[in-house]
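>>> Let's see this in three dimensions:
(chains A and B)
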Protein chains: 2
Amino acid sequence: MKSFLSDKAKSIEPYTPGEQPKDKNYIKLNTNESPYPPSPYVKKALIESNFDDLRLYPDPNVSDLKKEIAELYNINTNNIFIGNGSDEILAFCFMAFFNRSDKIYYPNITYSFYSVYSSLFDLNEVKIPLKDDFTIDINDYKNLDSGIFIANPNAPTGLLLTLDQLEEIIINNKDNIVIIDEAYIDFAAIESAYKLTKKYDNLLVVQTFSKSRSLAGIRLGFAIGNENLIQGLKNIKYSFNSYTINRLSIIAGIEAIKDNQYFKDTVNKVINTREKTKIKLKELGFNVLDSKSNFIFISHKNIFAEDLYLKLKDKGILVRYFKSDLINNYIRVTIGTDEEMDIFVEKIKYIIKN
Amino acid sequence: MKSFLSDKAKSIEPYTPGEQPKDKNYIKLNTNESPYPPSPYVKKALIESNFDDLRLYPDPNVSDLKKEIAELYNINTNNIFIGNGSDEILAFCFMAFFNRSDKIYYPNITYSFYSVYSSLFDLNEVKIPLKDDFTIDINDYKNLDSGIFIANPNAPTGLLLTLDQLEEIIINNKDNIVIIDEAYIDFAAIESAYKLTKKYDNLLVVQTFSKSRSLAGIRLGFAIGNENLIQGLKNIKYSFNSYTINRLSIIAGIEAIKDNQYFKDTVNKVINTREKTKIKLKELGFNVLDSKSNFIFISHKNIFAEDLYLKLKDKGILVRYFKSDLINNYIRVTIGTDEEMDIFVEKIKYIIKN
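Just a heads-up that it's a prediction; the model follows:
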């Protein structure tokens, strides 16, 4: 039988999202979702929305949501691009800012979807090794000859570069686009790099509603950059799918941005729980990276990470384990509520001691 | 200033979606939306949904919606792919079934997004001329040397190929994929080609929730084909964006599929209105193509189509006008409610007579 598939569709190894098993109720600490529901205003606005209007296409420009983001960050709507999750924006970035066979730089340990995009769009990825302690040496990123992706905080380490460090990279790559993936920045208690977009035309900052805004289920992400970069993203988007964002997600997104106090409160709760959990795990002998994200990356000398992952799953707790060579002795654990993390610590303590 | 944009992002001419002006309340007959709201069960299910769960990622496989479609069409869920609107599926098709520089065949007058995709993904499009009466000569589509896209009914003509005609094309292209874009098939009162997917491994059928299911605002489309083709689409999708469909759209889609009686009733109302409108326009001297879609494609010897479009807009009625050479003396008019079409006919009559 003829296959009909393109070479790419036959050969590519897709990204593997975290498992979503339905066999039982897990404490789900594997996909970096928020343990807290979205702002109550999200529900209110959705319930009160005009459902008859669902017969009509949404605004392809997503203007109303852009207005809210523009107001929150004190920027212009022309500096904002909205995507169907930040992953869609990342995919569009590969098409908008790179030609086939271009080089593209990122750390050898980072969000593994970057490699999949490089393969999908035929770029030549150059993976820059992290230092032994999993930190990024910014000197490795100066005066490169093509575009750069940096997740900040990085995934799955959770480690953070400061704004000054990022600025050094950006200044020293004037002819290269630098894309900062800030999926987890709100948990870092430092400022987003978005303010630097006013100063540097080679910087694009990407954020998501999936983590700190408790809306992974509605699929929204946004990018901030100078108008030229945003226009590049628009040109690709309007050549791919005119209406990527549905009406209900727009409504939900607007309310999530407006309720900034709720956002701050829930983010702070996650940060507090993270710091408490770090201490408890260190007491149990875990090596705990200093994550500034809504997850922690941990290992223990007495047990293989894969065993730990499987034993936790058996006990009803899902965490993320990556088989990749460099990090296969770590598990990534999303920060849940205090109650969930207490149970997690209790179970992991039992596993370690037996 | 350096541009940073890829050659593609600089050079591509994106698809232009129908205008969505906000300056006044138009009778909106320009983007082929349904004039009827979605099934009342859509609203009910959305209002009763668990909004707290929006913090969690959706099911990337969209299994629950696939189950409903599988049941309705009596097929297997492995033969279904769900997309963020059928446009996203079409884009994925270009990546899943064609290599760069491959030829791709479609009519010279059809959904103009196909050309944009060809350009975005560097394919060599071959536009096969329609006959002078805008019909497709199926003999032009036999024994080709690469894949084929056919919109059935075609856009913006609304003209239909029968299932027998399609089968002749499919049989005579055993080594080429044939993609039938059935965005408007439900208004044609013939069977979808999906049943042929059980017989032919080179056939993929694409449908949408945006027209006959009154849900343009939630962005859902689906494709039906043999498992191999569906796997190709999945490989691309999971290399592009793991979670393309949000939780609320899944809920809405399930209810729209379940309420098949409402679907049939509203589709029949549109068909009846279309046929009545055709007669009235012919009486006014219009050339009216025999559309089997939820729009009509019309011209009049006494007035330039662009003038007609502008005068209708001035009178509060939006229709679609394409500047393209071959069809620039036609306007495309979406079928609204009986009341809307009465107003439309009255206004157009006034315009013609003055």
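>>> Determine the number of other residues adjacent to residue A:275.
12 (other C-beta atoms under 10 Å in any protein chain shown). Using the backbone N, CA and C atoms, a C-beta is placed for each residue, glycine as well.
>>> Next to chain B, which bits of the stretch 51-200 of chain A? Give me the list.
A:51-60, A:84-85, A:87-88, A:91, A:95-99, A:116-117, A:119-120, A:174-175, A:177 (C-beta under 8 Å from any C-beta of the partner chain).
>>> where do the strands sit along the stretch 201-350 of chain A?
Applying DSSP state E, counting those that start in this stretch to the stretch 201-350 of chain A gives strands spanning A:203-208, A:221-225, A:287-288, A:295-299, A:317-318, A:320-321, A:331-334.
>>> which residues does the residue positioned nearest the centre of chain A contact?
Centroid check for chain A by C-alpha atoms, centre = their mean gives residue A:183 as the closest residue, at 3.3 Å. Neighbouring residues of residue A:183 by C-beta atoms under 8 Å, 6 or more residues apart in numbering or on different chains: A:86, A:111, A:151, A:155, A:206, A:207, A:208, A:210, A:211.
>>> list the contacts for residue A:168?
With C-beta under 8 Å, 6+ apart, residue A:168 has these contacts: A:138, A:142.
>>> Look up how far residue B:45 lies from it.
Using C-beta to C-beta, to the nearest Å, we find residue A:168 at a distance of 52 Å from residue B:45.
>>> Please apply the same query to residue A:265.
Taking C-beta to C-beta, one finds residue A:265 at 30 Å from residue B:45.
>>> same check, this time on residue A:70
33 Å.
>>> Which one of the residues in the stretch 101-250 of chain A is closest to chain B?
Of the residues in the stretch 101-250 of chain A, the one nearest chain B is residue A:238, at a distance of 3.4 Å by C-beta to the nearest C-beta.
>>> For stretch A:130-139, which outside residues touch it?
By C-beta under 8 Å, 6+ apart, the list of residues contacting stretch A:130-139 reads A:107-109, A:150, A:154, A:157, A:159, A:161, A:165, A:168-169, A:289, A:297.
>>> Also stretch A:346-354?
With C-beta under 8 Å, 6+ apart as the criterion, stretch A:346-354 contacts A:281, A:284, A:285, A:300, A:302, A:303, A:308, A:311, A:312, A:315, A:317.
>>> In ChimeraX, how would I select the buried members of those?
Applied in ChimeraX, the following selects the buried portion of the contacts of stretch A:346-354 according to 16 or more other C-beta atoms under 10 Å in any protein chain shown:
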select /A:281,300,308,311,312,315,317
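>>> what about residue A:158, which SS state?
Going by DSSP: H, G, I helix; E, B strand; the rest coil, the secondary structure assigned to residue A:158 is coil.
>>> which residues of chain A fall in helices?
A:7-11, A:40-47, A:63-73, A:86-97, A:113-120, A:163-171, A:227-237, A:247-258, A:260-283, A:305-314, A:338-353 (DSSP state H).
>>> Can you say which of the ones you listed is nearest to residue B:146?
helix A:7-11 (14.4 Å; C-beta to C-beta).
>>> State the separation between the closest one and the centre of the chain it belongs to.
26 Å (C-alpha atoms, centre = their mean, to the nearest Å).
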